[in-house]
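**Student:** Below: sequence and its predicted model.
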Amino acid sequence: MKTHRGGCHCGRVRFEVDAPAVIEAQTCNCSICSMTAYLHLIVPASRFRLTAGADAIETYTFNTETARHYFCRACGIKSFYVPRSNPTGFSINVRCLDPGTIEAVRVSHFDGRNWELHAEELAHLSVED
């Protein structure tokens, strides 16, 4: 495990996440992920720490209101959120991680447009080790 650091574009929101140096990430074709080109690294909540900017975060929910999308109020970047597929964990946008601690990123596809048929494919990602 490595401690990766990252944040939003303007730097107000900062976080740390413990994850392997070789990251297993997912792309998703759901309505919001496809529009934002979000690249998911899903982890248990215990491996995520918000280190700055709690006061700069806005929350957006839609549909079932299970997912909590957190955006920087200043620059609009969603660098992490609580996904509907893993409501006990966090999804970190790999594109918002600082360079230097990532050795490689392996990307697989998740069919978020048909979420109900595929949710179990991601469920294990937020389970504590």
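**Tutor:** Yep, it's here.

**Student:** Could you use CA atoms for every contact and neighbour count after this?
**Tutor:** Fine.

**Student:** any idea where the helices of this protein begin and end?
**Tutor:** Using DSSP state H, the helices of the chain run over residues 31-36, 115-118.

**Student:** least reliable of those helices going by mean pLDDT?
**Tutor:** Lowest mean pLDDT within these: helix 115-118, a mean of 77.

**Student:** distance of Arg14 from Asn93?
**Tutor:** 12 Å (C-alpha to C-alpha, to the nearest Å).

**Student:** which one of the two has more residues nearby?
**Tutor:** Using other C-alpha atoms under 10 Å as the criterion, Arg14 and Asn93 rank with Asn93 on top: 23 against 20.

**Student:** Quick check: that one vs Lys78, distance?
**Tutor:** 8 Å.

**Student:** Surely Ala21 and Lys2 touch.
**Tutor:** Yes. Assessed by C-alpha atoms under 8 Å, Ala21 is found in contact with Lys2 at 5.9 Å.

**Student:** higher neighbour count, the two?
**Tutor:** Neighbours of Ala21 and Lys2, each counted by other C-alpha under 10 Å, are more numerous for Ala21; the result is 16 against 13.

**Student:** wait, what's in contact with that one?
**Tutor:** Met1, Lys2, Thr101, Ile102, Glu103, Ala104 (C-alpha atoms under 8 Å, 6 or more residues apart in numbering).

**Student:** phi, psi of it?
**Tutor:** With angles defined as degrees, to the nearest 10, Ala21 sits at phi -70, psi -30.

**Student:** how far away is it from Gly100?
**Tutor:** Ala21 is 10 Å from Gly100, by C-alpha to C-alpha.

**Student:** How about Gly53?
**Tutor:** Note on Gly53: its distance to Gly100, by C-alpha to C-alpha, is 22 Å.

**Student:** Relative to Val22, how far out is Cys33?
**Tutor:** From Cys33 to Val22 the distance is 22 Å (C-alpha to C-alpha).

**Student:** show me where pLDDT drops low in the protein?
**Tutor:** Applying pLDDT under 70 to the chain flags the ranges 129.

**Student:** can you pull out the strands in it?
**Tutor:** For the chain, the strands defined by DSSP state E cover 2-7, 14-19, 22-28, 40-44, 48-52, 57-60, 68-72, 80-82, 89-93, 104-110.
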